[in-house]
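S.K.: take this sequence and fold it.
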Amino acid sequence: MRNTIEKFYEAFHNLDAEKMVSLYHPDIEFEDPAFGKLKGERAKNMWRMLCRSQKGKDFRISYNVSHFEYENANANWEAFYTFSQTGRKVHNRISASFILNDGLIIKHIDDFNLYAWSKQALGLKGFLLGNTYFFKKKLNQRTNKLLDDFERNYA
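M.R.: Take a look at the predicted model:
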C-alpha cells in the first residue's frame, strides 16, 4: 500500500496524470478545499487538468508518507508553483488521507489552510476575503467551471 501512495506522488512529481489516475479505483471519491467533492472520472480529470496546466512551468512537489496500514495511509506534501492568475509564488502545505480497496485509492482527502493559500495566491484580496465562506464557495464554483471546460475540451 505504501508503494501505491509513493507511486501516486512520484507520478504527480513527474506531472504524469495517467499514471496517477491509474492508481485510483473506478469509484474514487476525492475532496479538497479548492474543488470540494469529486467522484469517479471527474476526480481523475481534475488531476489531468492540473498536470496539463503545470507542464513546462515552475511546479514541483515534495512528499512524505507519514502513516500506512493495510487500507489506510496519510501523507504530507508540499506544492511550489506560480499561481497563473496573479503571477504570485505559492508554497502550499497539504495533509492527505487515503483509503485503499484492492490496492487502488478509493478515497483521497487533501486538506490545507485555504486562508494561507489565498493570501499567497491572491495577495491583498486573499488577505481580506480568503477566510470567508463566500470566498470558498466562489473558489469551488470557479475551479469546477474550469474542470467543466477541461472536460468539454480535452476529456
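
S.K.: contacts, neighbours, all on C-alpha from now
M.R.: Fine.

S.K.: how many neighbours does Arg152 have?
M.R.: 9 (other C-alpha atoms under 10 Å).

S.K.: what is the rounded mean pLDDT of the strand or helix carrying it?
M.R.: If you go by DSSP states H and E, Arg152 is part of helix 133-153. For helix 133-153, mean pLDDT is 96.

S.K.: now it: how far from the chain's centre is it?
M.R.: Distance, stretch centre to chain centre, for helix 133-153: 13 Å (C-alpha atoms, centre = their mean, to the nearest Å).

S.K.: in terms of secondary structure, what does that helix contact?
M.R.: Using 3 or more C-alpha pairs under 8 Å, 6 or more residues apart in numbering; DSSP states H and E, the elements in contact with helix 133-153 are helix 40-54.

S.K.: rerun at 6 Å
M.R.: Helix 133-153 sits against no helix or strand, with contacts defined as 3 or more C-alpha pairs under 6 Å, 6 or more residues apart in numbering; DSSP states H and E.

S.K.: what's the angle from that helix to helix 40-54?
M.R.: If you take axes from the mean of the first three to the mean of the last three C-alpha atoms, to 10 degrees, helix 133-153 sits at 90 degrees to helix 40-54.

S.K.: helix 133-153: which residues count as buried?
M.R.: Phe135, Lys136, Leu139, Asn140, Asn144, Leu147, Phe150, Glu151 (16 or more other C-alpha atoms under 10 Å).

S.K.: looking at the residues you listed, which one is closest to Tyr9?
M.R.: Leu147 (21.2 Å; C-alpha to C-alpha).

S.K.: give me the pLDDT value at the spatially closest residue to the closest one that is not a sequence neighbour.
M.R.: Spatially, and ignoring its direct neighbours in sequence, Leu147 is nearest to Met46 (6.4 Å; C-alpha to C-alpha, 6 or more residues apart in numbering). We have a pLDDT of 98 for Met46.

S.K.: quick one: His91 and Ala11, what's the gap?
M.R.: Distance, His91 to Ala11, using C-alpha to C-alpha, to the nearest Å: 19 Å.
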